[in-house]
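Peer 1: pasting the sequence and the predicted coordinates here, then a few questions.
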Amino acid sequence: MSRTAVFTALVLRCRPSGDSNSEVTLLTAEEGIIKATAFGGPKSKLRAHVSPYNSGQVWIYRDKSKEYGKLSDFDVRSWRPGLRELYERTVAAACAAETILSSHGGGGDWRTAFKLAADTLDALENANEELCASLQIHFLWRWAGFLGIQPNLECCAECEQDTALWYNVRENSALCAGCIKGIEDSHLQPLNSGCRKWLSAVEQVEPSQLYRYSMDRKSFNEAKSLVTSLLSAQLGKSISC
């Protein structure tokens, strides 16, 4: 029985290991998050291929008795060099990668997780500064939906009214002005109609089409605060964008 497995994979993280090797963390469509060691110095062809956000087919040699994984080959299908050409693109890509890692790859539906990540990275590759920020929020909101932790923003969770809503960070729910009494201000974030309408409108929109949807600065700030607070609270790890 062959010990070499083939995966459709996206490189999420590379860290130095020893003098000239790298510990690589991958999101795969077949098994979710896996780790392997890529051997070779700076001039190694394989080392050059194994860069964050590259994706394609990887071959990993496994020795289960030693809990050992060696990345032996990588056929890169998407290089995404544009992610390294603009600071905002790099930041947005890193935010997506860390969110995926913090949630252990999504918990089971690996192919959907892979597609969500790959589609966002593809859209980021040529995005300007403004679109990068929107794509970041868009990914985090869709990822929350994928994890099943996305709150209903259509109406108050208590009385079902749909006006003057606030996000309750501790309870992960939307509340109207009448139902927030007694809740500490530090646990509440405003949700104006522009913010809620944008999030609702783009939830099913592919990242490549997000440039068609705009929102004002106030709505943008509220949407950003919502998605970062939501995921940070639910995953137990700070998510920033």
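Peer 2: The structure has been received and is ready for your questions.

Peer 1: can we go C-alpha only for contacts and neighbour counts from here?
Peer 2: Noted.

Peer 1: which residue is nearest the centroid of this protein?
Peer 2: With distances taken as Cα atoms, centre = their mean, Ala96 lies nearest the centre of the chain, 2.9 Å away.

Peer 1: and it, what does it touch?
Peer 2: By Cα atoms under 8 Å, 6 or more residues apart in numbering, the contact list for Ala96 reads Ala117, Gln136, Phe139, Leu140.

Peer 1: sec struct for it, please.
Peer 2: Put simply, Ala96 is helix when judged by DSSP: H, G, I helix; E, B strand; the rest coil.

Peer 1: contacts only, for Tyr213.
Peer 2: Trp198, Val202.

Peer 1: mark out where each domain of this structure begins and ends.
Peer 2: As assigned by automatic domain parsing, the chain contains the domains 4-79, 84-153+191-235.

Peer 1: for Ser173, which of those is the nearest?
Peer 2: domain 84-153+191-235 (5.5 Å; Cα to Cα).

Peer 1: got the end-to-end distance for the closest one?
Peer 2: Taking Cα to Cα, to the nearest Å, domain 84-153+191-235 runs 28 Å from one end to the other.

Peer 1: pLDDT below threshold where in the protein?
Peer 2: Where the chain drops to pLDDT under 70, the residues are 1-2, 41-43, 65-67.

Peer 1: which residues of it fall in helices?
Peer 2: 45-49, 87-102, 110-124, 129-147, 193-202, 217-235 (DSSP state H).

Peer 1: distance to Val76 added to the ones you listed, as a markdown table?
Peer 2: Formatted as a markdown table, the helices of the chain follow (distance: least, Cα to Cα, whole Å):
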| stretch | distance to Val76 |
| --- | --- |
| helix 45-49 | 7 |
| helix 87-102 | 18 |
| helix 110-124 | 13 |
| helix 129-147 | 23 |
| helix 193-202 | 30 |
| helix 217-235 | 31 |
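
Peer 1: thank you, goodbye.
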